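Colleague: need a structure here:
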Amino acid sequence: MYGSVAQDLSLASLFTDNMVLQQLSSVNIWGTASPGEKIAATGSWGKQANTVADESGAWKLKLGTVAAGGPFTLSVKGSKSGVLLKNVLLGEVWICSGQSNMEMPLKGWPPNDTIETSSVEIPRSANSNIRFFTVQRAFSLAKESSCTGKWLECTPASAAEFSATAYFFGKKVNSVLNVPVGLINTSWGGTAAEAWASAEALGAHPDFSETVKSLTQLFEKQEEYTRWLEGHEVIDISNKPQQGQWENLDFGDATCAGAGTRDETWPTLVMPKGWESSEIGSFDGAIWFRKWVEIPVPTSDYSINLPGVDDMDQVWVNGVKVGATEQPGFWQTPRHYPVPAGVLKPGKNLVAIRILDNQGGGGIWNERYPMELRSNVDTSKVVRLDGSWKYLIVAELRASKFHVFDAATGEGLKRPRGSSELGSATVTALFNAMINPLIPYTIKGAIWYQGETNVGRGQQYQTLFPLVIKSWRDAWGQGNFPFYFVQLCPWNYGDVTGTASAELRDAQRLALGKAGNTGMVVTLDIGDINTIHPAKKQPVGERLAAWALARTYGKNVPFSGPLYKAHKVEGNKISIEFEHAGKGLKLTSNGADNGFEIAGADGNFVPAKVEITGNKAVVSSEAVTRPARVRYAFRNASPATLFNAEGFPASTFETE
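Modeller: Residues are numbered from 1 along each chain as shown. Predicted coordinates:
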């Protein structure tokens, strides 16, 4: 007997107009209806399937697909209602995931984080055979069944906002195979690998098993906090034009800029500081900061100078707005706002800043630049602004929706205890909210660009990363599907000669042998040690596509750089053998900057000389007479010096 309440037929959130279904397959289609209701799905390509909703109203069926083509329609009917999806294509479907370097759109995050070739690519990107679905950011301790997003045709407008890495991957696959390509981007900047793994998988990892056990208590806090959030006004920006989406947002909080608002009960935060490392914790949204400063004899030539504000800001002095940066991408850019004549007064003056963080870290964090009021004429007149500030949270951002807290009553002070413990950094939280809703959508494979947030934990990543891959495959139930990933680019990480990111890169290399049906793109030659978001995303996407074309689709194309295979100690030298050496190895430098180091049993690495013979590199140093180990490109900022004849760079490695 079916006792649940009747409900209208609906499809899971991934099923919209313009979607791509995997060709030559039996694709999963699912949704909800009234318990016991008969469901029929018909594709205009000539296939049909039927099922019956279970006692909870959930239903799922498998519908056959034919060779790539379209556009088609997909009709799903129940006994009382139906859904007709239009402009559906059959082709190749790929999941695209990771942190900011996967999330980074084709238009970039100017002015500092730009995409090379975007000015050329965007105007000519229109291609109705490439489709995009972007999963809106969300986190949860419970496995969610739906997400926010919709399928879009590739146009200059949609391509500009879509992942650059994924776009270049899809463009290459489409051009070579001449079939439609569907790309599902589910990524979030600044996130760690453990947030993308299932609780079942992490529970078996010794470093995370206790944390997973504690999630039950945290889940109760999440439920309490969600109920509290839902009792507040919501401002939905998902339908606002991308240009100007963050400008002039009104949370009813203008009083926070003026002297009339009392802030004695507001908590304090010492700035500059990223608020994730404070009691605020993991938080996206809007926060007001206020500070009273003394100016004995103000003049009309002052400016307010701030280091990088993550991400956007409005700055007010004595209730007057003196400047604002309300476009994303300027998180590294110092602010310089002139204070209009007559705004400052002798004695106490109020500086108020509303910071809006839309992803990743938040706050004022760049200690290399001053935080001050300074005279533009007499540079000795400086009022420092670093130190203690009062703050009030006025709106929280979740999945393109701001939940607004009444600033007049200080509602933000009433956030339930523990609310800061849950966020995009919480283990399993992104798997639950941004991966689980995609399962079991039938896919061809996945591409992945993540690891920066796990730098410093290279040893752990050796087991954690393969676990992430396995957890996806286990949950999808599609077997050992292809999983191609990007090795980290060189970046200074605050220490160009440090090895923390190299250890992470080597952990990524080792995943090739642990996870199976994987491929790794090496980026040592296309990074930029001055930015964690390098501009060369086109070669990254195309190298990912090369792996897919060669390994998944059987095309005869070069796809990998040299990978360490084995080594042999030969007297005072070590001979290194490589896979994917192609027609031979090439070394661009054999000086001290060739990237090779050699060590004896003591592990003291020194720069080495290299002789290239075919697919082998013979490494030695006069300082090491009894060598035991060799490593290559094992510094944070190491560039590529070793390539195969096809032009692909060799991976970071240390002999095992």
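Colleague: and the longest strand along the chain, what does it pack against?
Modeller: If you go by DSSP state E, the chain has its longest strand at strand 82-98. Under the contact criterion of 3 or more CB pairs under 8 Å, 6 or more residues apart in numbering; DSSP states H and E, strand 82-98 touches strand 10-11, strand 20-22, strand 69-77, strand 127-134, helix 164-177, strand 181-187, strand 445-449. Placement of C-beta: from N, CA and C, glycine included.
Colleague: now Lys221: which helix or strand?
Modeller: helix 215-229 (DSSP states H and E).
Colleague: quick check: buried residues in the longest strand of the chain?
Modeller: 83, 85, 87-98 (16 or more other CB atoms under 10 Å).
Colleague: hmm, Ala138 and Ser400 touching each other?
Modeller: No. Using CB atoms under 8 Å, Ser400 is not in contact with Ala138; the gap is 9.5 Å.
Colleague: of those two, who's got more company?
Modeller: Ala138 (21 against 18; other CB atoms under 10 Å).
Colleague: relative to Leu229, how far out is that one?
Modeller: Ala138 is 13 Å from Leu229, where distance means CB to CB, to the nearest Å.
Colleague: what touches both of these two?
Modeller: Arg398 (CB atoms under 8 Å, 6 or more residues apart in numbering).
Colleague: I'd like the next helix or strand past the helix holding Lys221.
Modeller: strand 233-236.
Colleague: partner strands of the very next helix or strand once past that following strand, parallel or antiparallel?
Modeller: As assigned by DSSP H and E, the chain's next helix or strand after strand 233-236 is strand 268-271. Strand 268-271 sits in its sheet next to strand 387-398 (antiparallel), going by DSSP bridges.
Colleague: whichever helix or strand comes after the partner strand - contacts with which helices or strands?
Modeller: From strand 387-398 onward toward the C-terminus, using DSSP H and E, the following helix or strand is strand 401-404. In terms of contacts (3+ CB pairs under 8 Å, 6+ apart), strand 401-404 is packed against strand 233-236, strand 285-295, strand 387-398.
Colleague: let me have the buried residues of strand 82-98 in a markdown table, extended by pLDDT and distance to Gly477.
Modeller: What follows is the buried residues of strand 82-98, written out as a markdown table (pLDDT from 0 to 100; distance: CB to CB, whole Å):
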| residue | pLDDT | distance to Gly477 |
| --- | --- | --- |
| Val83 | 96 | 25 |
| Leu85 | 98 | 24 |
| Asn87 | 98 | 28 |
| Val88 | 98 | 23 |
| Leu89 | 98 | 24 |
| Leu90 | 98 | 21 |
| Gly91 | 98 | 21 |
| Glu92 | 99 | 19 |
| Val93 | 98 | 15 |
| Trp94 | 99 | 17 |
| Ile95 | 98 | 14 |
| Cys96 | 98 | 20 |
| Ser97 | 98 | 18 |
| Gly98 | 98 | 22 |
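Colleague: got CSV for those residues, with distance to Lys414 too?
Modeller: Shown next, in CSV, are these (distance: CB to CB, whole Å):
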residue, distance to Lys414
Val83, 42
Leu85, 44
Asn87, 47
Val88, 47
Leu89, 49
Leu90, 52
Gly91, 50
Glu92, 49
Val93, 44
Trp94, 44
Ile95, 39
Cys96, 39
Ser97, 36
Gly98, 36
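Colleague: of all the residues you listed, which comes closest to Thr16?
Modeller: Thr16 lies nearest to Leu85 out of the buried residues of strand 82-98, by CB to CB, at 6.8 Å.
Colleague: now the closest one, which residues is it bridged with?
Modeller: Bridge pairing for Leu85 - DSSP bridges - gives Leu74.
Colleague: contacting residues for it?
Modeller: Leu85 touches Leu11, Phe15, Thr16, Asp17, Met19, Thr73, Leu74, Ser75, Val76, counting by CB under 8 Å, 6+ apart.
Colleague: what does Glu276 give?
Modeller: Counted by CB under 8 Å, 6+ apart, Glu276 has contacts Ser282, Phe283, Gly361, Gly362, Gly363, Ala425.
Colleague: name the nearest of these relative to Leu350.
Modeller: Closest to Leu350, out of all of the contacts of Glu276 and judged by CB to CB, is Gly363, at 19.8 Å.
Colleague: for that closest one, which residues make a bridge with it?
Modeller: Beta-bridge partners, per DSSP bridges, of Gly363: Gly274, Asp310.
Colleague: count the residues that sit near it.
Modeller: Neighbour number of Gly363 under other CB under 10 Å is 26.
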